[in-house]
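K.L.:
I need the structure of the sequence given here:
(one chain, ligands or ions: 1)
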Amino acid sequence: MRVTTAFKRLMDLPGVSVSEVDFQPARVVVTVRLRSRKLFCPECGFTTKARYDTRPVPSWWRHLDLGRWRLEVRADLRRIDCPTHGARTEGVPFARAGSKFTRDFEDLVGWLATIMDKTALRRLVRIDWDTVGRIIERVMATGLDKRRLDNLFVAGVDEVSWRKGHSYVTLVSNHTTGKFVWGKEGKDTATLDSFFDDLGEERSAQITAMSMDMGPAYEKSARKEHHAVNAVICYDPFHVVQLVTTALDKVRREVWQDLRKLPDQEAAKRFKGARWALLKNPGDLTDDQAATLRKLKRRGGDLWRAYALKEALRAIFAGDLTEDEVGELLDRF
Ligand SMILES: [Zn+2]
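P.N.:
Down below sits the predicted model:
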């Protein structure tokens, strides 16, 4: 198989043929050609066979990474003269108007935003948080395919914010397909109410499980008549673990403050290194941190209890426990 054919299949972009693949140190640049002879306006969809001119420089988009390779799509585009929008660079079938990312990349980012925390997402897809915000805004502005709301049985809802918390958006995703299916500005009960309005009573009743944060706003909407009446409400693991981790850190700080009041300052100094021993997963500890943890266990008290609770919850969410074991674990607290 030729490398261009291989990449055409791998990337699965609609409406293009691959004309060149260039391997660079950290990225692969794939040059594509649009197959359609017709040009269309990215704003309104107006089509024409007449070109206005050709852009002097190529256009670029980032596509889903290929393992450790960053994948970039490159194309020489033409411009059209749209009766409504004037001279515009032609639209492409694989990216939204004005975006530097392919549709697939943006869809992935939108879904990830509903299932993982900011730091993890930023590391995974290697873009900054404001870019995530712009992607979500663009996806919502161009409108999501109405059919996405069909066959929604296991749903997730989460709020996403950016611009230092000035913009809040509520996103709903389909956990089965891994796509986000609905979004709207706002983060309160009324915001999620309008999702259920769009979904309608029949489809709302088909939802069997819905994951969300632990705040009251979304749950209140989901529990309303004609909404997710048949759904089990599930708390997102990352929200639960985040909550218990914050609680553990609070207890740790209190213990440290108490130690600092003692005449012997050595104890407080030794304790300062305890933070990572407590917060990291036990499997990732260094030998020193493991030793600190053993000392804290011997010491017992509130701090050890808080640590044990964190670890118990983590084990539950890791999913390797039987129902009986989970019950036993929870009985201890
Ligand atoms: Zn137009």
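K.L.:
Endpoint to endpoint, stretch 119-133 covers what distance?
P.N.:
Start and end residues of stretch 119-133 are separated by 14 Å (C-alpha to C-alpha, to the nearest Å).
K.L.:
Show me which positions of that stretch end up buried.
P.N.:
121-122, 125, 127, 129, 131-133 (16 or more other C-beta atoms under 10 Å). Every residue, glycine included, has its C-beta placed from N, CA and C.
K.L.:
Over to stretch 184-198?
P.N.:
Buried residues in stretch 184-198, counting neighbours by 16+ other C-beta under 10 Å, are found at 184, 187-189, 191-192, 195-196.
K.L.:
got the CA positions of it in CSV?
P.N.:
Extracted C-alpha coordinates of stretch 184-198, given in CSV (Å, rounded to 0.1, in the frame of the first residue of the first chain):
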residue,chain,number,x,y,z
LYS,A,184,-25.3,25.8,26.1
GLU,A,185,-24.0,28.7,28.0
GLY,A,186,-24.8,28.7,31.7
LYS,A,187,-24.4,26.2,34.5
ASP,A,188,-27.6,26.2,36.5
THR,A,189,-30.7,24.1,36.7
ALA,A,190,-32.4,26.1,33.9
THR,A,191,-29.5,25.4,31.5
LEU,A,192,-29.9,21.7,31.9
ASP,A,193,-33.7,22.1,31.7
SER,A,194,-33.3,23.4,28.1
PHE,A,195,-31.4,20.3,27.3
PHE,A,196,-34.3,18.1,28.4
ASP,A,197,-36.6,20.4,26.4
ASP,A,198,-34.6,19.7,23.2
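K.L.:
got a list of contacts for it?
P.N.:
Contact partners of stretch 184-198, identified using C-beta atoms under 8 Å, 6 or more residues apart in numbering, comprise 140, 149, 157, 159, 161, 167-170, 172, 182, 204, 217-218, 220-222, 224, 226-228.
K.L.:
Distance from the chain centre to that stretch, please.
P.N.:
Stretch 184-198 sits 19 Å away from the centroid of its parent chain (C-alpha atoms, centre = their mean, to the nearest Å).
K.L.:
What of stretch 245-252?
P.N.:
25 Å.
K.L.:
same question, stretch 132-151
P.N.:
14 Å.
K.L.:
Which residue ranges of this structure form strands?
P.N.:
For the chain, strands defined by DSSP state E occupy the ranges 16-23, 27-34, 39-40, 47-48, 53-54, 59-66, 69-75, 78-82, 86-89, 154-162, 167-174, 179-185, 209-212, 232-235.
K.L.:
Include pLDDT when you put the buried residues of stretch 119-133 into TSV, please.
P.N.:
Listed next are the buried residues of stretch 119-133 as TSV, based on pLDDT from 0 to 100:
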residue	pLDDT
Leu121	83
Arg122	83
Val125	85
Ile127	87
Trp129	83
Thr131	86
Val132	85
Gly133	84
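K.L.:
among those, which two are most distant?
P.N.:
By the measure C-beta to C-beta, Val125 and Gly133 form the most distant pair in the buried residues of stretch 119-133, at 13.3 Å.
K.L.:
tell me which of the buried residues of stretch 184-198 is nearest to the ion?
P.N.:
Lys184 (25.8 Å; C-beta to the ion).
K.L.:
Now do the closest one, the pLDDT please.
P.N.:
pLDDT for Lys184: 86.
K.L.:
And it, how far from Leu192?
P.N.:
Note on Lys184: its distance to Leu192, by C-beta to C-beta, to the nearest Å, is 9 Å.
K.L.:
low-confidence ranges in the stretch 201-333 of the chain?
P.N.:
Counting by pLDDT under 70, the stretch 201-333 of the chain contains low-confidence ranges at 333.
K.L.:
Of all the residues in it, which one is nearest the ion?
P.N.:
Counting by C-beta to the ion, the stretch 201-333 of the chain gets nearest the ion through Arg203, at 33.5 Å.
K.L.:
got it, and the stretch 151-300 of the chain?
P.N.:
Counting by C-beta to the ion, the stretch 151-300 of the chain gets nearest the ion through Gly183, at 24.4 Å.
K.L.:
Correct me if wrong: that residue contacts Ser167.
P.N.:
No. At 11.7 Å, Gly183 does not count as touching Ser167 under the criterion of C-beta atoms under 8 Å.
K.L.:
neighbour-wise, which of the two wins?
P.N.:
The neighbour count for Gly183 versus Ser167, taken as other C-beta atoms under 10 Å, is higher for Gly183 (22 against 14).
K.L.:
ok, that one to Lys38 distance?
P.N.:
Gly183 sits 31 Å away from Lys38, going by C-beta to C-beta.
K.L.:
ok, back up a step: tell me which entries of the buried residues of stretch 119-133 lie within helices.
P.N.:
Mapping the buried residues of stretch 119-133 onto helices (DSSP state H) picks out 121-122, 125, 129, 131-133.
K.L.:
contacts with the ion among the residues you listed, please.
P.N.:
Of the residues in those, proximity to the ion by C-beta under 5 Å from the ion holds for none.
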